[in-house]
Structures are given as structure tokens and as C-alpha cells.
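>>> This is a predicted model, with the sequence first.
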Amino acid sequence: MVEKQLTRERTSSWSWILQAFTGALLLVLLGLHMVVQHFVVEGGLRDYQQVVEYLSNPFVFLLEVMFLIIVTWHALLGVRAILFDLGLQPATERKVTAILSIVGVITIAYGIWLSATIVAQGA
């Protein structure tokens, strides 16, 4: 029983560290996103064609995909932490983790597909 408790505490520690790390990355990527999407552009917003041109740059595409991954990961870690605070049984915690992992993979895959589709339409 004590060993299981230590394993759960280590997992919680890693989750907290990942939450803090993704939060810091999120601040950097969100700041960068806001500057290039809203403050550099005349009028404060890009139109569709400008978005296509912007995303067509491979470096920008990579940054936007990183932003998507970090925001999804951070959000799902937060949801997981809230659910775990309810005092779930270990088996239920594993199911919640699996479900949230699947939701994360689907969300990221859809976001990358959508971004790639936008870029492809501009080509």
C-alpha cells in the first residue's frame, strides 16, 4: 500500500512539474502568437489569405503546431488534476488518464490536419 502511495505521489509530482513547464512555455508561445498575429499586422487582424501566407512559412507552421501541442497538453493536465482532486480510485485515475490522452491525441491530430489543409489551399 505504501509503495502504491509513493508511486501516485511521484506521478502527481511529475504532473505538477509538467503543468508548470507547459504553463511557462504557453506564456512564451502565446506572447509570440499575439504579437505576430495581432500587433504586427495592419488593422490588428490577418485576413484569410494573410493567414494562409503566414502559415505557409515552415518555421511559423512549426511554432503554431508547438503552440497547439503545448496548449492542449497544459489544458488536459489541468482537467486531469481537477478530476484527480475528487479522490478517484487508482483504476478510475488510470481510465481518466487514458481517455484524456486519447482526447489530446485526437485534438492535436485534428489541429495539425486543419493547419496543413489551410496551407495546402494556399499552394
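Right, received. Where do you want to start?

>>> burial count for Val122?
Quick fix: residue 122 is Gly, not Val. Other residues near Gly122 come to 13 when the count uses other Cβ atoms under 10 Å. C-beta here means a position set from N, CA and C on the backbone, and glycine is covered the same way.

>>> Helix or strand: which one has the closest residue to it other than its chain neighbours?
Among residues not flanking Gly122 along the chain, Val52 sits closest, at 3.4 Å (Cβ to Cβ, 6 or more residues apart in numbering). Counting by DSSP states H and E, the element that carries Val52 is helix 48-55.

>>> now whichever helix or strand comes after that helix against helix 48-55, angle please.
Tracing the chain past helix 48-55, the next element assigned as helix or strand by DSSP H and E is helix 58-84. Relative orientation of helix 58-84 versus helix 48-55 (axes from the mean of the first three to the mean of the last three Cα atoms, to 10 degrees): 90 degrees.

>>> And helix 58-84, what does it pack against?
The contact analysis (3 or more Cβ pairs under 8 Å, 6 or more residues apart in numbering; DSSP states H and E) places helix 58-84 against helix 2-34, helix 48-55, helix 90-122.

>>> From Ala75, how far off is Ser115?
Spatial separation of Ser115 from Ala75 under the definition Cβ to Cβ, to the nearest Å is 18 Å.
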